[in-house]
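Enquirer: Can you look at this prediction? I've put the sequence above it.
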Amino acid sequence: MSKVLSSFGAVLSFSTLISQQAKSETTDKSAYTIFNPTPDTQMREMATDRPDATEGAGTIDAGHVQLETDIYNVARDKVRSSQIKTTSTVIAASNIRIGLTNSSEINLIFDPHVAVKVEGGGTESKTISGMGDSMIRYKINFMGNDGGPISIGLIPFVKIPTAKKDLGNDEYEGGVIFPIGLDLPNEWAVGYMIAYNYIKNDSEDDKLYHTNIVNSITASHPITDDLGAYAELYSESSNEEGAEWVATVNLGLTYMVGKNIQFDLGANIGATRAADDMNPFVGISARM
């Protein structure tokens with residue numbers, strides 16, 4: 001009986017959330033598209049897909065553009081057994097988000113400058129630099145775009161092999177992301193994401209692909225009206241033979257300037273041997 005009551009309680013709680021969601025979305029914005037932009041007076045508060053790794057379930061308003069950029073991002077890793085140190089620097093990595101309808105958007109993601117330096121281990125240091133790979137994503141929101149305690153989305157994507165030789169694998173890859181957001185009492189917000197990435201195996205002679213599964217959960221809370229903080233747990237596992245588990249603990253701050261600009265900084269800290277030891281970054285997002 002207790003299990004039945006528990007299940008009934010869970011269903012009732014979810015039904016309450018759906019009911020609250022329906023009541024919160026009272027303004028009909030379905031007529032707005034990329035060709036008929038949402039008026040400024042009806043735009044939602046600015047929300048970004050950075051700086052945490054967990055993608056948001058919400059989309060930007062129809063007919064508007066949002067640029068989210070890593071001003072500077074550097075990842076450092078040292079293999080203890082070989083004493084080889086790798087430093088990866090990315091400058092101006094950008095996500096251009098374009099609102100198509102009130103509940104959908106397209107993302108154009110590119111890395112204009114990537115530099116990877118390998119040194120130590122008794123060998124001469126080597127640096128490879130150039131453009132990185134690009135990505136096209138389509139995001140659709142099913143719930144929670146214009147308010148409510150829960151938001152649900154879907155993000156299929158395709159990677160385009162634009163990277164310079166030795167910075168990418170020259171292969172088309174893709175996958176899908178399932179993001180969920182929850183607005184909790186006392187101004188807490190929680191986001192969860194699970195992503196399935198279809199990736200070419202590392203061996204050049206191996207034409208097969210493997211699946212990377214990414215799970216992440218983030219919690220954020222305002223410190224002041226403009227300053228916010230978040231903490232995140234990130235996990236990446238693979239079914240490729242010999243692949244190791246990647247896990248990080250991510251921390252960061254965001255700062256709003258007006259209604260349409262957000263600065264951020266943070267660091268992703270490696271929690272497993274396969275993860276980068278430290279990955280600090282600083283970025284900016286702007287809505288137009």
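Expert: In hand now; what should we look at? Residues are numbered from 1 along each chain as shown.
Enquirer: give me phi/psi at residue 117?
Expert: phi -110, psi 130 (degrees, to the nearest 10).
Enquirer: Name whatever forms a beta bridge with it.
Expert: Counting by DSSP bridges, residue 117 forms beta bridges with residue 87, residue 127.
Enquirer: Check residue 65 too.
Expert: Per DSSP bridges, the residues bridged to residue 65 are residue 98.
Enquirer: swap in residue 261?
Expert: Under the criterion used (DSSP bridges), residue 261 bridges to residue 257, residue 286.
Enquirer: Repeat that for residue 179.
Expert: In this entry, residue 179 is beta-bridged to residue 193, by DSSP bridges.
Enquirer: Skip the chain neighbours and tell me the closest residue to residue 256.
Expert: residue 226 (4.5 Å; C-beta to C-beta, 6 or more residues apart in numbering). For the C-beta atoms, the positions are set from N, CA and C on the backbone; glycine is no exception.
Enquirer: correct me, but the one you found touches residue 258?
Expert: No - using C-beta atoms under 8 Å, residue 226 is not in contact with residue 258, being 9.2 Å away.
Enquirer: Which one's more surrounded, those two?
Expert: Between residue 226 and residue 258, counted using other C-beta atoms under 10 Å, residue 226 has the larger neighbour count: 13 against 9.
Enquirer: ok, that one - contacts?
Expert: Each residue near residue 226 by C-beta atoms under 8 Å, 6 or more residues apart in numbering is listed here: 255, 256, 257.
Enquirer: and it, what pLDDT?
Expert: Residue 226 carries a pLDDT score of 97 in this model.
Enquirer: Pull up the gap between it and residue 263, please.
Expert: Going from residue 226 to residue 263 by C-beta to C-beta, to the nearest Å gives 10 Å.
Enquirer: quick one: low-confidence ranges for the stretch 151-288 of the chain?
Expert: 204-205 (pLDDT under 70).
Enquirer: follow-up on the earlier one: next, show the common contact partners of residue 226 and residue 263.
Expert: 255, 257.
Enquirer: Count the neighbours of residue 109 for me.
Expert: Other residues near residue 109 come to 20 when the count uses other C-beta under 10 Å.
Enquirer: And for the one 3 residues further on?
Expert: By other C-beta under 10 Å, the residues close to residue 112 number 14.
Enquirer: Contacts only, for the spatially closest residue to it that is not a sequence neighbour.
Expert: Excluding the flanking residues, the one nearest residue 112 by C-beta to C-beta, 6+ apart is residue 92, at 5.2 Å. Shown in contact with residue 92 (C-beta under 8 Å, 6+ apart): 69, 70, 71, 112, 113.
Enquirer: Let me know the closest of the residues you listed to residue 27.
Expert: residue 69 (30.5 Å; C-beta to C-beta).
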